[in-house]
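K.L.:
next one to model:
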Amino acid sequence: MSKMIICARFRPLSSSEIKDHGTSVSIHRVDDESFNFKDEKDGDMIFNFDKVFYEDSAQASVYDFLALPIVQDVVNSINGTIITYGQTGAGKTYTMEGPGIDKCDDMKKGLIPRVIEGLFEMINSSREASQATIFSVKLSMVEIYMEKVRDLFDLSKDNIQIKENKSQGILLSGVTEISVVEAADALQILSSGIASRAVGETQMNMASSRSHCVYIFTVQQDFPSDKRTKTGKLILVDLAGSEKVGRTGAEGKLLEEAKTINKSLTALGKVVNALTSGPQKKSNHIPYRDSKLTRLLQDALGGNCRMALLCCCSPSPSNASETLSTLRFGARAQHIKATPCATTPEDRSNKTLEPSVQNKDAACERILTKLQERMGAEEVDLLEQLFILEGIMFNPSSNEDLDSDIDNLTSKVIASLQNTLEDLVSTVDELQKQNKVLQAKLTAFENRSFWDALSGAFGFLGIRQAAR
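P.N.:
This is a model prediction of the structure:
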């Protein structure tokens, strides 16, 4: 088991913050991992993270500590996820993109251009070391806007479905994947996707992200000698910022967007709380289906994935409440455990499902989505398990994986049934008592019926004797 890498980053004071509070700040550096946070209501608090990036931190230092180890893992077929989290205007998108991902100053480059450059450098080095291995890189880019997953490379796909199978984990059904062979191509393609993002102007941010943006890099290694493949997936998530509607001045469409953003971030908080609330059991319900965001991040949050979280904050006392909320979220997430490991090579001959199976699976996914509108997420999860167990829906990536998936799901169902059985044990005594009462009544009824019948028989015989 390994824990998430949790870091905090404080941006420089903005002109409006300096106007309101001068140059005073609510955080005071202790060292590179700790700081003292001052709050008027809660007093002084010490926070400790894996790394703290203060106002003077460089973009390169964030990449080197937070992202570089994960990029190396992805090239070695270990999945990784990096998330930027924090209030609107706290520097999440700047950290992720910089002033722009294409043709910007080297010092100001964000995580995305650095990840792309580092990824291709490592792939090229691996190619030189092992020419028998064929590498390929594919890009996807989506945003979660108003609880719909929208393909930013093909805007006609505005309701991508989130699915799951055994070998690939959580995936986006039908999302556009673009193959790239060099860093420059990748930057240009992602730049066009970024231009399609939903943004809006609020009182706190001139270009506030109105959606969660997800960048997906899939690195595949093909081994021609035995026709097998290994895949590593890197996911970068630029979350929309949490908003206090009164401060942002959101109205109309912006208000509805803010409500949806806050709702999905609340769902993320609930998942983190569920994952860190004590010993995890198979029967414990984690509410991943409460939002598209948490469903998409299911593998990253406690799954087979290396994960890093960057809490982006304002150092100003005017944003102390939002900053404290962000820091507490990060502190809670420190307790999440994951089990990252290299993906098992797959035989390419079994990689795809029959079209009829894919169509059936898509139909079942639509049914489950509709059911969730009227039922709880836990009930929908149980229905999904039953669909798979009864053969109504295929979960694995190939028919050969079906038996192992059924065994896995059967174990989960058995664990759930055992938990239910424990709840029922307390009623057994009462049921036994009721059973004894019923048996006594039945015996009395049978005895009475016997004597009534016997009396009737004697009466009949008496009448016949008198007639003679």
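
K.L.:
who's in contact with residue 180?
P.N.:
If you count contacts by C-beta atoms under 8 Å, 6 or more residues apart in numbering, residue 180 has them with 137-139, 186, 189. Backbone N, C-alpha and C define where each C-beta goes, glycine included.

K.L.:
nearest to residue 224 among those residues?
P.N.:
Closest approach to residue 224 among the contacts of residue 180 (C-beta to C-beta): residue 137, at 17.8 Å.

K.L.:
and that closest one, backbone torsions?
P.N.:
Main-chain torsions, residue 137, degrees, to the nearest 10: phi -130, psi 130.

K.L.:
can you pull the contacts of it?
P.N.:
Listed by C-beta under 8 Å, 6+ apart, the contact set of residue 137 reads 119-120, 123, 179-181, 186, 217-220.

K.L.:
now residue 325
P.N.:
If you count contacts by C-beta under 8 Å, 6+ apart, residue 325 has them with 87, 242.

K.L.:
mind putting the contacts of residue 137 in a markdown table, pLDDT included?
P.N.:
Putting these into a markdown table (pLDDT from 0 to 100) gives the following:
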| residue | pLDDT |
| --- | --- |
| 119 | 97 |
| 120 | 96 |
| 123 | 94 |
| 179 | 97 |
| 180 | 96 |
| 181 | 95 |
| 186 | 95 |
| 217 | 97 |
| 218 | 96 |
| 219 | 96 |
| 220 | 94 |
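
K.L.:
adding secondary structure, write those residues out as a markdown table.
P.N.:
Converted to a markdown table, those look like this (DSSP: H, G, I helix; E, B strand; the rest coil):
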| residue | secondary structure |
| --- | --- |
| 119 | helix |
| 120 | helix |
| 123 | helix |
| 179 | strand |
| 180 | strand |
| 181 | coil |
| 186 | helix |
| 217 | strand |
| 218 | strand |
| 219 | strand |
| 220 | strand |
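
K.L.:
now list the buried members of those.
P.N.:
Buried members of the contacts of residue 137, scored by 16 or more other C-beta atoms under 10 Å, are 119-120, 123, 180, 186, 217-220.

K.L.:
can I get the contacts of residue 137 in a markdown table with distance to residue 233?
P.N.:
Rendered in a markdown table, the data for the contacts of residue 137 read as follows (distance: C-beta to C-beta, whole Å):
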| residue | distance to residue 233 |
| --- | --- |
| 119 | 12 |
| 120 | 16 |
| 123 | 14 |
| 179 | 15 |
| 180 | 15 |
| 181 | 18 |
| 186 | 15 |
| 217 | 7 |
| 218 | 5 |
| 219 | 7 |
| 220 | 9 |
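
K.L.:
out of those residues, which comes closest to residue 437?
P.N.:
Among the contacts of residue 137, residue 218 lies closest to residue 437 (C-beta to C-beta), at 65.8 Å.

K.L.:
now the closest one: how far from residue 119?
P.N.:
With distances taken as C-beta to C-beta, to the nearest Å, residue 218 is found 11 Å from residue 119.

K.L.:
what distance do you get for the most centrally placed residue in the chain to residue 338?
P.N.:
The centre of the chain sits closest to residue 297, judged by C-alpha atoms, centre = their mean, with a distance of 2.0 Å. Distance from residue 297 to residue 338, counting by C-beta to C-beta: 12 Å.

K.L.:
swap in residue 145?
P.N.:
28 Å.

K.L.:
likewise for residue 150?
P.N.:
As for residue 150, its distance to residue 338 is 28 Å (criterion: C-beta to C-beta).
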